[in-house]
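Q: need a 3D model of the following:
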Amino acid sequence: MTNESGKRRGIRTIVGTWIGVVATIGPYTLLSIFLAPISARYGINLGQASLIYTFAGVGSLVANVFVGGFMDKYNPKFSYLIAAVATLLFYLTLSFSTNLTLLYIMAVFFGVGSILGGYTAGQVLITKWVSNGRGTMMSLATVVMGAFIIVMSPLVTNLISRLGVSATALLIGVLCFGLCVFSALFLISRAPEYYGETPFSIGKEKPSAVKKTSDVDIALPLNRILMTPTFYVTVVCSFFITCAMMLYTSNAIPLNLTLGLSEMDAAFVFSIFNLLQIVLVMLFGILVDKIGPSASIIIWCGAGGFLFLINGYVSGLTGAILVSIAASTGNIAGMHGAVLFPKLYGLKNSSNLIGYAHVLCSLGAMTGPPLAGFIYTGTGSYWMALMIAGAFMTLSLVFTSIANGKRSREAIKTANEKYRSKKVCSSTKNSEEGIL
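A: Now for the predicted structure:
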């Protein structure tokens with residue numbers, strides 16, 4: 001049972017994960033401000049400068065595969081320290097180097113760092129430490145991150161104009177390195193079982209909500225879980241939701257222009273979208289803790305899918321605001337697997353499963369932007385992209401319902417019982433052989 005000392009350790013760890021998100025995802029997001037200056041420095045176009053995101057995406061994709069197992073096997077402090085170094089090296093390269101190839105190489109490590117100290121790492125630790133209240137704690141990471149970007153975006157823009165790219169990049173690198181190292185050394189802890197503790201609840205857990213929000217007790221090893229259809233039905237939703245959101249976010253301004261908005265109004269609506277993301281993901285986290293992840297995901301995907309689909313027939317400011325709301329519901333993509341997997345397969349393998357869900361998020365983030373761009377280039381309209389986004393959100397609703405349905409849960413339960421019985425038989429047989 002978790003005592004007050006263990007709870008304080010857990011709370012420190014949660015705060016540490018929020019700081020880690022700010023220190024690794026923050027500089028990743030702020031990088032967009034540097035694209036134009038990077039283009040000028042290296043004598044390349046914006047498309048070539050944007051390849052930094054592509055290389056960082058490759059690093060993120062690879063890191064998501066192993067981050068869960070790495071954090072289970074080693075002290076998670078190492079994960080955050082590696083993230084701190086990777087972030088610093090990238091921004092040092094951006095500050096001092098004129099070698100574009102080196103910048104691309106450092107971007108790969110930068111992408112790895114964004115996973116080892118960002119949302120994925122944070123969700124792994126929050127899942128381990130928190131039972132009731134897990135959704136709210138995860139969503140608060142996005143809220144803190146959003147507040148950081150709102151404050152830092154104009155500040156960084158101003159610093160670049162005053163100090164130049166090199167000095168500003170150096171300041172950001174050192175600041176984020178310091179924040180991540182501080183979090184690793186003084187806040188981040190191992191999983192509660194290492195200290196003889198158990199996950200704790202945030203606030204009072206109502207008896208009526210226990211069944212909807214409690215984790216299951218599943219003994220299946222990871223290789224058996226990866227053989228169950230429910231796993232694939234679940235992770236594909238991470239791809240669909242991310243892809244739907246990125247179809248919009250990567251093309252938001254030109255899409256809003258096609259709806260008849262001026263450039264100023266188009267930018268204004270995109271600002272609304274960024275604020276909506278913070279509000280909706282916070283509401284989602286609270287709802288997860290109240291009614292359970294499956295019902296919450298169904299509500300969000302249902303609303304997003306409906307708004308995307310009708311938006312193909314609505315123009316003007318109304319249409320632009322509706323599509324921004326639809327895309328905002330997709331900000332739950334990174335939380336989808338994190339909140340759902342412990343309810344399906346328990347905590348034992350949650351770290352690896354969360355990482356695998358984020359692999360699909362990475363693929364969705366790499367697929368959505370070019371898909372929307374090619375559709376617009378080929379048709380002169382974003383209508384088909386909006387229809388695809390709506391279909392993806394609707395499919396996520398359906399697949400989540402299937403994954404959390406009675407038949408799926410019974411299949412997992414049956415597989416678990418067979419595994420337990422085989423394990424018991426094998427243990428008994430080995431004991432008898434030992435006696436003989």
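
Q: tell me which element the residue positioned nearest the centre of the chain falls in.
A: The centroid of the chain falls nearest to residue 334 when counting by C-alpha atoms, centre = their mean (3.0 Å). Here residue 334, judged by DSSP states H and E, is contained in helix 333-345.

Q: just the CA trace of that helix, in CSV.
A: Output of helix 333-345 as CSV, limited to C-alpha atoms (Å, rounded to 0.1, in the frame of the first residue of the first chain):
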residue,chain,number,x,y,z
ALA,A,333,-4.1,10.4,-30.1
GLY,A,334,-1.0,10.2,-27.8
MET,A,335,-3.2,9.3,-24.8
HIS,A,336,-5.4,6.7,-26.6
GLY,A,337,-3.2,3.7,-26.0
ALA,A,338,-1.9,4.9,-22.7
VAL,A,339,-5.3,5.1,-21.0
LEU,A,340,-6.8,2.1,-22.8
PHE,A,341,-4.1,-0.6,-22.6
PRO,A,342,-4.0,-1.0,-18.8
LYS,A,343,-7.7,-1.6,-18.8
LEU,A,344,-7.3,-4.3,-21.4
TYR,A,345,-4.0,-6.0,-20.5
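
Q: quick one: list the elements packing against the helix or strand that it is followed by.
A: Note on helix 333-345: by DSSP H and E, the next helix or strand toward the C-terminus is helix 350-379. Applying 3 or more C-beta pairs under 8 Å, 6 or more residues apart in numbering; DSSP states H and E, one finds that helix 350-379 contacts helix 46-73, helix 119-129, helix 222-225, helix 229-249, helix 333-345, helix 383-403. Yep, even glycine has a C-beta here, placed from its N, CA and C like the rest.

Q: and if we set it to 6 Å?
A: helix 46-73, helix 119-129, helix 229-249, helix 333-345, helix 383-403 (3 or more C-beta pairs under 6 Å, 6 or more residues apart in numbering; DSSP states H and E).

Q: tell me the mean pLDDT for the fourth one?
A: Mean per-residue pLDDT for helix 333-345: 92.

Q: what helices or strands is that helix leaning on?
A: Short answer (3+ C-beta pairs under 6 Å, 6+ apart): helix 333-345 packs on helix 119-129, helix 229-249, helix 293-311, helix 350-379.

Q: mind redoing it with 8 Å?
A: When contacts are defined as 3+ C-beta pairs under 8 Å, 6+ apart, helix 333-345 sits against helix 119-129, helix 134-163, helix 229-249, helix 263-291, helix 293-311, helix 350-379, helix 383-403, helix 406-435.

Q: just how off-centre is it within its chain?
A: Distance of helix 333-345 from its chain centroid, counting by C-alpha atoms, centre = their mean, to the nearest Å, is 11 Å.

Q: same question, the second one
A: Chain-centre distance of helix 119-129: 11 Å, with C-alpha atoms, centre = their mean.

Q: now the angle from that helix to helix 333-345?
A: 30 degrees (axes from the mean of the first three to the mean of the last three C-alpha atoms, to 10 degrees).

Q: do the last one as well
A: An angle of 20 degrees separates the directions of helix 383-403 and helix 333-345 when computed by the same axes, to 10 degrees.

Q: which stretches of the stretch 151-300 of the chain have low pLDDT?
A: 203-214 (pLDDT under 70).

Q: again, 80 this time
A: Within the stretch 151-300 of the chain, the stretches with pLDDT under 80 are 203-217, 250-251, 267.

Q: flag every buried residue along the helix holding residue 334.
A: Across helix 333-345, burial judged by 16 or more other C-beta atoms under 10 Å covers 333-345.

Q: now stretch 52-64
A: 52-53, 55-64.

Q: also stretch 411-422?
A: Applying 16+ other C-beta under 10 Å to stretch 411-422 flags 412, 415-416 as buried.

Q: quick one on the thing from earlier: tell me which of the helices and strands packed on helix 350-379 sits nearest to residue 195.
A: helix 119-129 (10.6 Å; C-beta to C-beta).

Q: that closest one to helix 46-73, inter-axis angle?
A: 20 degrees.
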